[in-house]
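In: sequence below, structure please.
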Amino acid sequence: MKLDTGLSTRNLSDVPAAARAAEEAGFDAIWTAEAGNDGFIPAALIAEHTKKIKMGPAVAIAFPRSPMVTAYSAWDLAGLSGGRFILGLGTQVKGHIERRFSTKWEAPVPRLREYIQSLRAIFKSFAACSRLTLAQVMRSSPAAATISPALPPVQPSNCATRERSGCAPCASSNSWNCTGSYQNADERPE
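Out: Have a look, this model is predicted:
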């Protein structure tokens, strides 16, 4: 049986000790939370101060970030951790997306599906050390990316969904950890 744990501290200076303690206790993975803190920065500290434990955001909120920004962070963390980083993505609820993150709310299922498809194309490009035009994989961004040398691939995690909001994207992603939630009926996907 494999057991994971969550990072219980919000203070970045406490992350290395907490990560070492989790690894010494035999946990297989430690998950960061994107609740008042960035979900990626603690993962860098965990990677730097451990040798075996896997790490990643329980969910990184996808929509306030472009797929390229998420891909850069995930790829760098996969390299830093020697392939132990696991990318978890989530949609958050309409109120948080609009008010907390100042981002437009759109139908989460097709948007997350497109986001995951974009990430897959970006990671494929990174692995091949090739140039990628985002317009090839996403409807809204014509920018081109300069790709760094190939690093270990980003691991997808098991798909965890709430009701329907993450099901379709996860089904098309072959086991990303993508979650979605909504509080009100008007936030539910069609």
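
In: what is the longest helix seen in the chain packed up against?
Out: Secondary structure of the chain read by DSSP state H shows that its longest helix is helix 108-128. The elements that helix 108-128 packs onto, with contact taken as 3 or more Cβ pairs under 8 Å, 6 or more residues apart in numbering; DSSP states H and E, are helix 67-80, strand 86-90, strand 132-133, helix 167-173. Yep, even glycine has a C-beta here, placed from its N, CA and C like the rest.

In: cutoff 7 Å now
Out: Applying 3 or more Cβ pairs under 7 Å, 6 or more residues apart in numbering; DSSP states H and E, we find helix 108-128 packed against helix 67-80, strand 132-133, helix 167-173.

In: looks to me like Asp38 is in a helix.
Out: No - according to DSSP: H, G, I helix; E, B strand; the rest coil, Asp38 belongs to no helix; its state is coil.

In: from Ala25, how far off is it?
Out: To Ala25, Asp38 is 25 Å away according to Cβ to Cβ, to the nearest Å.

In: before we move on, what about Glu48?
Out: Taking Cβ to Cβ, one finds Glu48 at 19 Å from Ala25.

In: what of Phe126?
Out: Using Cβ to Cβ, we find Phe126 at a distance of 33 Å from Ala25.

In: between those two, which one's more packed in?
Out: Phe126 (24 against 10; other Cβ atoms under 10 Å).

In: quick check, that one in contact with Tyr72.
Out: No - judged on Cβ atoms under 7 Å, Phe126 makes no contact with Tyr72 at a distance of 9.0 Å.

In: tally of neighbours for Arg100?
Out: Neighbour count for Arg100, taken as other Cβ under 10 Å: 12.

In: which phi and psi does it have?
Out: Arg100 adopts backbone torsions of phi -80, psi -40, taken as degrees, to the nearest 10.

In: and it, what does it touch?
Out: Applying Cβ atoms under 7 Å, 6 or more residues apart in numbering to Arg100 gives no contacts.

In: and if you look at the one 4 residues further on?
Out: With contact taken as Cβ under 7 Å, 6+ apart, Lys104 is in contact with no other residue.

In: from Ala35, how far off is it?
Out: According to Cβ to Cβ, Lys104 and Ala35 sit 22 Å apart.

In: run through the chain and note the low-pLDDT ranges.
Out: The chain contains residues with pLDDT under 70 at 130-190.

In: same thing but 90
Out: Counting by pLDDT under 90, the chain has low-confidence residues at 1, 8-10, 33-37, 59, 90, 92, 117-118, 120-190.
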